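K.L.:
Dropping the sequence and predicted coords here.
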2 protein chains.
Amino acid sequence: MINKVKELRELYGLTQGQLGEKVNVSRQAINAIEKNKFDPSIWLAYDLAKLFNKSIKEIFDFEGSKRK
Amino acid sequence: MINKVKELRELYGLTQGQLGEKVNVSRQAINAIEKNKFDPSIWLAYDLAKLFNKSIKEIFDFEGSKRK
DNA sequence: AGTAAGTGTAAAGTTAACCTTACACGAAAT
DNA sequence: ATTTCGTGTAAGGTTAACTTTACACTTACT
């Protein structure tokens, strides 16, 4: 799913690894989500939204994304 | 995860099966979410929120729920 | 009495969201 | 030149979110 994780991560000056630590997933999981390889679980989406002070919808573009 | 799916479903006068049809999951999936057997995928959470005209956070209580 | 509708739950299978390990690459610094 | 850091990606494994099928139970209707 199309998302703004990479932009927000860079805005916060974090590496993929650092962001992974903060939300308790691996760096590869962050990478995969940024590259749209798979969709986050609802908990991961929530954690990312919380960290970046945004709603899930602000980060993840449901309308513009293709359902896999 | 604690949620308001059952209340909202009944508010809309839907059976579990009817709700399942509307969001393209089985009736058992709806039942399991209502009974907190498992957490919805992010897409299912989105579909339910959209159907009920609420945000995901309004329906699913992340703060008050235990992470499994 | 019988039947239909709604719900609860269980078993077995599939799939996708993770994991760890590993390797390759480019950029930047020493 | 070589090391370090960040990223991209692939392989193989685990787990949970689903599926279908099936059965039991309650309530309501005829």
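P.N.:
It's in.

K.L.:
got a list of what the nearest residue to A:Lys4 once chain neighbours are set aside touches?
P.N.:
Nearest non-adjacent residue to A:Lys4, counting by Cβ to Cβ, 6 or more residues apart in numbering or on different chains: A:Ile59, 5.3 Å away. To be clear about C-beta, it is placed using only N, CA and C from the backbone, and glycine gets the same treatment. The neighbours of A:Ile59, taking Cβ atoms under 8 Å, 6 or more residues apart in numbering or on different chains as the test, are A:Asn3, A:Lys4, A:Val5, A:Leu8, A:Ala45, A:Leu48, A:Ala49, A:Phe52.

K.L.:
Distance check, A:Ile59 against A:Lys66.
P.N.:
A:Ile59 sits 17 Å away from A:Lys66, going by Cβ to Cβ, to the nearest Å.

K.L.:
follow-up on the earlier one: ok, so of the contacts of A:Ile59, who is nearest chain B?
P.N.:
Chain B has its nearest neighbour among these in A:Ala45, at 5.2 Å by Cβ to the nearest Cβ.

K.L.:
in what helix or strand does the closest one lie?
P.N.:
helix A:42-51 (DSSP states H and E).

K.L.:
wait, does stretch A:3-19 contact DNA strand D?
P.N.:
Yes. Under the criterion of Cβ under 7 Å from any atom of the strand, stretch A:3-19 makes contact with DNA strand D via A:Thr15, A:Gln16, A:Gly17.

K.L.:
Are that stretch and DNA strand C in contact anywhere?
P.N.:
No. Judged by Cβ under 7 Å from any atom of the strand, stretch A:3-19 makes no contact with DNA strand C; its nearest approach is 10.5 Å.
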